[in-house]
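Enquirer: sequence unavailable; structure follows:
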Ligand SMILES: Cc1ncc(COP(=O)(O)OP(=O)(O)O)c(N)n1
Ligand SMILES: Cc1nc(C(=O)O)sc1CCOP(=O)(O)O
Ligand SMILES: [Mg+2]
């Protein structure tokens, strides 16, 4: 009897998890193919239930189930990706339980539960890829220690987030872990408040501790594949200073490239020689699906040139933080990008 209750609870959890994913595909992604595949999968779970010799419903006893209350982990969801990850995990775990207890009750359901679990892994990957590609990297603002050193810059940053920044990177070089955690958390909260994607530079550990949307690594930071392995489902960006590094990075699975410096920059002392805009054109011709974000020496005058060469977005520091009015600079850069993309 308790096995029927376990089967009942897990059939429900699997269906509920898949139902949430179905709604994400339908309403958030407006993707008919994925929506229908989730629906088919949900019906397939129903068929597993019907194929059982007994009816798990006969043994349902929700009143006396000690696992009824929501854990705080179940209540915390910051964005669509977290909703997908949590519900896919929930459904996959339930199917695994069905496989194990099915062996005791009705071995016939085992291969079907396993099939459903593997189908769900594939669908989850597809949904996460679509969510990742929906992240807007058009105007990507990075911090630099030279600017983030006075209290007044917190106000400046918030103004920028309100005025058109679409992605933000916490980039600190000379600070200790405790300070980075404090600043990083404060910045993350600001980004969340304004619906801006939040990245951490260089440090996988900090990105994980802050539950950032992603981490950006350079050629001399932790290897891309290591960061991808330890931060699954997150957006992992890679710096490339030339065409060859760009190709290698795309083939290794970078979610986007930070390509540069495109022009001379005085912000980064150890920057490579400028690579110019033609590299953007070549990379985008060969790999149109990987976002290329141009960085290094980009300002109001140069932004149109990089966007017309095919860059999906720009990453900037001094063009914003060095401006008399950073919020106005953000607004103007955004307007110029939109015009150049038309
Ligand atoms: C979006 C973006 N592109 C490039 C970089 C540069 O990364 P890296 O080469 O590792 O240099 P540092 O920023 O760590 O000095 C970036 N941070 N972001
Ligand atoms: C952080 C950084 N990375 C670069 C690279 O080429 O990888 S250039 C750079 C500095 C960008 O600052 P600014 O917009 O002031 O030129
Ligand atoms: Mg780096």
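Expert: Good, I have the coordinates. Every value quoted in this text rests on a predicted model; they were computed, and no experiment measured them. Ligands and ions are numbered 1, 2, ... in the order given.
Enquirer: so this protein: which segments form each domain?
Expert: By the assignment in automatic domain parsing, the chain contains the domains 2-132, 136-341.
Enquirer: ligand 2 is nearest to which of those domains?
Expert: Smallest distance to ligand 2 across the domains of the chain (CB to the nearest ligand atom): 3.2 Å, for domain 136-341. No exception for glycine: its C-beta is placed from N, CA and C like everyone else's.
Enquirer: from the chain's centre, how far out does the closest one sit?
Expert: How far domain 136-341 lies from its chain's middle: 14 Å, per CA atoms, centre = their mean, to the nearest Å.
Enquirer: next, format the domains of the chain as TSV and append mean neighbour count and mean pLDDT.
Expert: Shown next, in TSV, are the domains of the chain (neighbours: other CB atoms under 10 Å; pLDDT from 0 to 100):
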stretch	mean neighbour count	mean pLDDT
domain 2-132	16	87
domain 136-341	19	96
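Enquirer: just put those domains in TSV and tack on distance to ligand 3.
Expert: Converted to TSV, these look like this (distance: least, CB to the ion, whole Å):
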stretch	distance to ligand 3
domain 2-132	21
domain 136-341	3
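Enquirer: need those in JSON lines (columns: distance to ligand 2).
Expert: What follows is these, written out as JSON lines (distance: least, CB to the nearest ligand atom, whole Å):
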{"stretch": "domain 2-132", "distance to ligand 2": "21"}
{"stretch": "domain 136-341", "distance to ligand 2": "3"}
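Enquirer: what's the closest of these to ligand 1?
Expert: That would be domain 136-341 among these, by CB to the nearest ligand atom, at 1.9 Å.
Enquirer: does any bit of the closest one sit next to ligand 1?
Expert: Yes - using CB under 6 Å from any ligand atom, domain 136-341 comes into contact with ligand 1 via 140, 142, 169, 171, 201-202, 216, 218, 221, 237, 239, 258, 268, 293, 295, 315.
Enquirer: for that domain, measure first residue to last.
Expert: One end of domain 136-341 sits 14 Å from the other (CA to CA, to the nearest Å).
Enquirer: likewise stretch 239-246?
Expert: Stretch 239-246 stretches 8 Å from its first residue to its last (CA to CA).
Enquirer: tell me which residues are up against that stretch.
Expert: Contacts to stretch 239-246, defined as CB atoms under 8 Å, 6 or more residues apart in numbering, come from residues 216-219, 248-249, 257-261, 272-273, 275, 279, 282-283, 292, 295.
Enquirer: could you redo the last one with a cut-off of 7 Å?
Expert: Here stretch 239-246 makes contact (CB atoms under 7 Å, 6 or more residues apart in numbering) with 218, 219, 249, 257, 258, 259, 260, 272, 275, 279, 282, 283.
Enquirer: perfect, that will be all.
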